[in-house]
Structures are given as C-alpha cells and as structure tokens.
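Visitor: Just a sequence and a predicted model for now, questions to come.
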Amino acid sequence: MRAIITNHSRMWCVVVGLVFLSPVTFGDVTLPFTESFEAYSVGDLPTGSGTWNKSGTDAEVLVVTNPVLIGEKACSFTDVYNDGMTNVVLDIDESASYTSVWFEVYAKPYRYDDGTNDPPVENVTGAFYVNTNGNLIAYDNESWETLVTGLPDDIWIGFKAYLNYNAGEWDLYYTTNGYGSSWTKANSSGVMGMCSASNELYQIGFHNSARIDAISIYAVSTGGGIGLPFFDGFEVAQGHTLSNSPNGINCWSVTGTGTAVVVGTPIREGSQACQTEQTDLTLNLDEAQGQYSNVWCGIYIQTDGYNDFGGTEPPDVDADAVIAYYISTAGVLRVYVESDGTNAWTNILTEVPLNTWIGLTAHLDYNTQQWDLYYSAGSYGDTMQKLNASPLPFCTNGTDSVMNGFVMQNQGKIDAVALSVGLSAVDADSGSNLMTQTCQGGGTNAFSISDYSYAQGENTLADKLGQDLAQALEHGDEIWIHYTNGWKIFRLELDTWVGKSGIAASNMTITSTMGMYLKRLNATNAVSFVMYDTTTNSPNPTLYGTNNAFKVGWNLLTWPKVAEHADVNGWGFDQKKSGDMIYIYRNNQLTVLNWNEYVNKWRENGAANNYEMQKDQVFWYYSTTNANTTWSVY
C-alpha cells in the first residue's frame with residue numbers, strides 16, 4: 001500500500017503504483033469527513049460528483065459486501081491491467097484551508113514489489129506503501145525510508161497520518177489489531193519532512209488495487225483538541241507527567257509552576273488517577289471535529305479545598321469562562337453565576353467531604369445559556385443528585401455559542417474525566433437525578449437503562465432512548481438485544497440507529513429489566529449521562545422457556561433495583577425450579593448459580609450462595625420450564 005501527499009494543497013493516499021497527476025479540481029468535501037460506504041448501493045461507486053472521482057481506462061471501483069471492516073460495505077478498487085492507471089480521488093473543498101489535519105484509513109493493501117524499482121513519485125509532499133516483504137515504507141524528505149518490518153498479510157491494517165502543513169512535517173501511525181485499537185507511531189525517531197512546499201490539504205487519492213474502509217479526516221487547531229465523546233481515566237504509565245501536545249495525541253494542555261503526574265493511589269476508577277500540584281490542566285475541544293452546544297462534563301476529584309478565607313477571597317475567574325465552581329477548605333461548594341447583570345459566587349452545597357473522592361457533573365446548554373450541577377459522594381457510577389433547584393445562568397463573561405475548553409486549576413487528585421454530547425435542554429424540566437454508565441472501549445459492554453423507564457414516544461431506539469444510548473457510542477458501533485425471536489442488531493450510522501436484523505429502530509422498545517450488549521469499536525472509554533426525576537417500574541417481564549424456538553430458555557436481564565441478596569426472595573423468580581441457572585459476570589469473574597428446590601437456595605458448585613445482585617447488573621437467566629413464566633421483580 002502506498003499513500004502519497006502531494007504539494008499545492010493536495011494529499012494523495014496512493015495504494016501501490018504510479019502517482020496519478022490529474023488536472024486540479026475543486027471538491028465538495030468539508031471536514032470533518034467520515035466514509036464507510038454504507039450509503040452506497042452495491043456495485044460501481046458513484047464518481048464525478050465532486051466527492052469521489054476516478055481515472056484510468058481500466059479503473060474498477062466498487063462498493064462491496066466482502067471483505068468489510070465495519071458495517072456491511074467497503075470499497076474495492078482494482079487495476080485490472082496492472083498498468084498503474086487506477087486512481088480513486090477524494091476532493092476536498094479547498095476554500096476551507098485545512099493546514100493541520102488527521103487522516104485515517106483502514107485497508108487490505110495490495111503489496112508493491114519494489115525489488116527492482118522504488119515506486120515512482122512526482123510532485124508529492126509525502127507517501128507510504130507496504131512492500132511484498134510486509135515492510136511499511138514512507139517518503140521522508142524525498143527519500144524512501146523503512147519504518148516498520150514484517151506487517152501481516154491479508155488483514156485490515158489501519159493507517160493514520162498527522163499532517164502539519166505549517167511546519168512542513170508529518171507523522172504516520174499504524175495498527176494491525178483491528179478498528180478502534182490503539183495506534184503505534186511508525187516514524188518513532190521523529191517527525192518526517194514533507195517532500196515539497198505545500199500549504200493545505202486539497203485531495204486524497206488511492207492508487208492501483210486495494211480494499212479500503214472506515215475513512216475519517218478532520219482538521220485540528222495548532223493547539224490540538226479532542227472530539228466527543230471523550231474519557232480519560234489516566235491509565236497511561238504510572239509516573240507519566242502530562243505535558244502539552246500540539247498535535248492532539250495527548251489531549252491535555254499544562255500550565256503553571258507545578259506538575260500533573262499519573263499516580264497509582266488514590267484512585268476512583270480503573271487503576272490510576274492524576275495528581276496535580278499548582279498546575280492548570282486544560283482540555284481543549286477541537287471545533288473542527290465537532291461544534292458542541294450541549295455538553296455533559298463529568299469529573300471525580302479529591303481535594304483539601306481552596307482557602308478563600310471564609311469566602312472573602314474567592315479565586316479569580318477567566319474572562320471567557322461561562323461557568324465555574326470550587327470547593328473551599330471549609331467544605332463549601334460554590335458556583336459562579338450571573339445575577340442582575342453581574343457575576344457573583346454563591347453557595348450551592350455547604351457540606352462537601354474533603355480529602356475523599358466526590359463526583360461532579362455539569363450539564364452545559366449554550367442554547368439556553370444555562371447549566372445544572374450534579375453531585376455524588378458515593379462510589380464511582382452511583383446516581384448523582386442535582387444541586388440547583390432552578391437552572392444556573394451562564395456568566396456574563398462567556399459569549400461562545402459552543403464549548404471549546406475545560407480547565408482544572410491548582411491542586412488535587414482527579415480521575416474519570418468524561419465529556420459527552422448532551423441531547424436534552426437545561427431548563428425547568430431538567431431531571432433531578434443523573435444516571436451515568438461507562439462504556440468500555442474496544443469491546444463489548446453489558447448495558448442497561450434500569451434507572452429510567454421511558455415514556456411512550458420516547459422508548460424506542462429511534463426516540464430519546466436511542467439518543468441517550470448513542471452518547472457513549474460513535475459511527476459503526478452496535479447494540480445487540482436478545483429479543484423474542486433471537487438477536488436483534490442495530491448499528492449507529494452517523495447519529496441514527498439502523499436495524500440489521502429485520503426490525504426497525506422505531507419498533508425496538510427497551511425496558512428497565514432488559515439487558516443488552518453495546519459494542520464500542522473505538523479503543524477509548526466513553527460515558528452516557530441520563531437524567532430523570534422518578535423511576536417508573538416497567539411491567540414484570542416475561543421469562544421465555546425452552547419451548548421458544550429462538551431463546552430456548554435463555555433470557556438476558558438487568559437487575560433494576562437496589563442491591564439485594566439472594567436469600568431475600570430469590571430475586572423474584574417465583575416459578576424457578578431445579579436446573580434453572582443464573583450466569584453473572586462481574587469484576588472479570590464469572591459466577592454460575594443453580595437453583596436447588598430441595599434446600600430452597602441458589603447454590604454455587606453445590607454450596608449455598610447468598611450472592612448480592614448489584615443494581616444495573618446484567619445477567620443471563622436460563623429457565624428449564626417449557627412454557628413462558630413471569631419474573632416478579634417488582
């Protein structure tokens with residue numbers, strides 16, 4: 001595979017073969033841009049519309065269903081006569097002037113035989129390809145350099161390039177571990193030089209033969225930045241010091257005279273946290289990746305408080321801040337709000353425990369210019385309570401219509417920083433309780449909505465329920481639901497759930513006792529935030545017996561109430577009998593319980609078990625009864 005970046009505002013990702021130099025054309029594609037070819041019909045890829053173009057008399061460019069990386073389709077292009085004349089080009093809208101860009105593509109590349117000649121290049125700023133030995137080779141300052149050896153054959157390989165046109169430099173990353181896995185820097189010794197003078201992104205081109213999928217391109221500011229959803233539990237190497245990173249791989253901006261260091265204790269989530277001393281940590285949002293006018297912003301902190309001398313000397317607030325809050329050494333939580341045209345600090349909670357972990361989540365609505373603040377002194381993931389009786393007004397300082405940053409000042413411990421896109425307005429009807437659930441990246445998550453029962457008109461994947469679930473997911477992620485007639489799979493395509501198993505998202509209702517699996521492909525974690533006022537119990541659900549041809553006794557459930565031991569009432573399985581089984585996976589451990597009707601207890605490996613079912617626990621129940629029964633959970 002070869003990727004080529006040409007000069008004069010063009011980037012070419014050319015897959016094996018000669019560089020194709022076409023007359024300059026101006027495209028319609030603006031950034032951010034994603035492409036997984038799901039919107040096209042199987043067959044010839046439409047070209048010549050200002051988005052995709054192709055050239056070559058033998059150019060065969062197809063939308064195919066095999067092989068694919070994510071979704072159900074990918075792009076396959078073939079140089080039929082092997083004469084180096086097949087080119088697939090993505091035209092970028094040059095008027096936007098993109099000078100700092102991330103480009104990502106997954107490919108099953110055709111390997112270039114460079115035993116006799118290097119690939120010919122002309123008028124390019126950069127290039128890379130994979131040769132027949134599996135070596136990843138890049139064009140650095142007009143010479144070919146081997147970066148990685150021994151890449152596996154016939155698998156999907158991810159390639160990710162950071163293009164800094166202002167500095168005339170670029171970096172190349174790769175992964176062989178599948179979509180959403182972590183990236184390894186290929187040019188580990190330093191940045192590579194662009195090969196010719198260039199000033200901005202103009203085109204991306206693919207050359208010769210390959211299969212491609214999951215393309216994403218986005219511009220970044222020179223200060224870096226992130227897109228949402230975002231989560232950081234600081235699970236990098238212990239002792240690692242956070243530092244500035246202009247290209248956005250490391251997301252934090254650090255200022256001040258002190259340090260911000262990853263530590264192993266104390267922690268709130270995972271195995272590490274961050275200790276700050278006399279330091280300001282700034283998390284920059286990159287508007288090129290998304291403009292967010294409604295944002296959930298959660299953090300867990302442990303602090304001994306800010307000495308405001310009894311409230312007489314509160315901290316200064318940045319001139320462009322829209323909200324601010326702090327905890328004093330007296331354990332008072334104060335917020336900075338607009339009142340009668342001026343900004344002032346006001347007490348919102350007077351008994352905050354110091355030097356212990358607490359959770360705080362702000363919900364910012366730039367449309368209404370208001371915000372809510374939620375709080376918990378419980379465990380990680382516990383329900384939070386809203387502190388303000390009515391919406392808090394933004395400061396008069398702030399004039400932005402979208403969020404662009406999040407700042408933590410001075411000293412303390414922080415963990416589990418989470419930002420997600422909000423979907424509900426901050427107004428008088430905002431819920432008084434907040435449920436948070438973490439979706440682990442790069443894998444499958446057992447998930448539930450046990451805290452909240454959605455009203456009619458909100459309770460399908462096409463309604464508010466689906467929007468809430470989508471907060472922790474991205475394009476290409478999936479929900480799997482074990483339904484009455486087998487697994488139902490729904491894929492998130494941009495911001496819409498699309499049914500893949502014969503049922504539309506608008507017909508998929510999910511209740512508080514149903515378990516489900518969320519498959520998040522991106523390797524990073526994300527958090528969903530769902531606010532509610534009261535929990536309305538769903539009807540007691542049906543347990544499907546062995547006579548159901550699809551479920552044959554297997555039921556994927558969620559425990560929707562507070563924690564309860566098995567000996568209280570057997571968890572409401574009133575019609576259980578010997579042979580019924582419960583499978584619970586928690587904290588990386590599988591527990592299998594069997595019902596023994598002779599001793600009237602759940603047992604594990606023959607021994608009595610008084611297992612405590614945790615709230616939100618997703619589990620499998622196997623019913624040996626032939627007919628359907630009812631789970632009397634409420």
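Guide: Here it is on my side, so go on.

Visitor: What ranges does the stretch 101-250 of the chain have for its strands?
Guide: 124-130, 136-140, 143-148, 157-164, 169-175, 184-185, 192-193, 203-207, 210-219, 230-232 (DSSP state E, counting those that start in this stretch).

Visitor: give me the number of residues near N628?
Guide: Number of residues near N628 (other Cβ atoms under 10 Å) recorded here: 17. (C-beta placed from N, C-alpha, C; glycine too.)

Visitor: unless I'm mixing things up, it is touching N548, no?
Guide: Yes - the criterion here is Cβ atoms under 8 Å, and N628 meets it with N548 at 7.1 Å.

Visitor: thinking again about what came up before, how about a markdown table for the strands of the stretch 101-250 of the chain, with mean pLDDT added?
Guide: Output for these, formatted as a markdown table (pLDDT from 0 to 100):
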| stretch | mean pLDDT |
| --- | --- |
| strand 124-130 | 78 |
| strand 136-140 | 88 |
| strand 143-148 | 90 |
| strand 157-164 | 86 |
| strand 169-175 | 88 |
| strand 184-185 | 86 |
| strand 192-193 | 86 |
| strand 203-207 | 76 |
| strand 210-219 | 83 |
| strand 230-232 | 89 |
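
Visitor: ranking those strands by burial, who's on top?
Guide: strand 203-207 (a mean of 28; mean count of other Cβ atoms under 10 Å).

Visitor: for this structure, longest helix please?
Guide: When the chain is parsed with DSSP state H, its longest helix is helix 464-470.

Visitor: So which elements touch that helix?
Guide: strand 526-532 (3 or more Cβ pairs under 8 Å, 6 or more residues apart in numbering; DSSP states H and E).

Visitor: List the strands paired with the strand it packs on, with their directions.
Guide: The pairing partners recorded for strand 526-532 under DSSP bridges are strand 433-439 (antiparallel).

Visitor: So E104 sits against I215, correct?
Guide: Yes - taking contacts as Cβ under 8 Å, E104 lies within contact range of I215: 6.8 Å.

Visitor: residues touching R586, list them.
Guide: 614, 617 (Cβ atoms under 8 Å, 6 or more residues apart in numbering).

Visitor: so what's it scoring on pLDDT?
Guide: The score at R586 is 79. That number is its pLDDT.

Visitor: Look up how far M514 lies from it.
Guide: R586 is 18 Å from M514, where distance means Cβ to Cβ, to the nearest Å.

Visitor: residue boundaries of the helices in this structure?
Guide: Along the chain, the stretches classed as helices by DSSP H are 464-470, 566-569.

Visitor: Give the rounded mean pLDDT of the first one.
Guide: Helix 464-470 comes out with an average pLDDT of 84.

Visitor: Now tell me what touches the longest helix of the chain from outside.
Guide: 423-424, 447, 449, 454, 458-461, 479, 492, 495, 497, 505, 510, 518, 528, 530.

Visitor: Try it again at 10 Å.
Guide: Contacts to helix 464-470, defined as Cβ atoms under 10 Å, 6 or more residues apart in numbering, come from residues 229, 420-424, 435, 437, 439, 447, 449, 452-455, 457-461, 477, 479, 490, 492, 494-497, 505-506, 508-511, 516, 518, 528-531.
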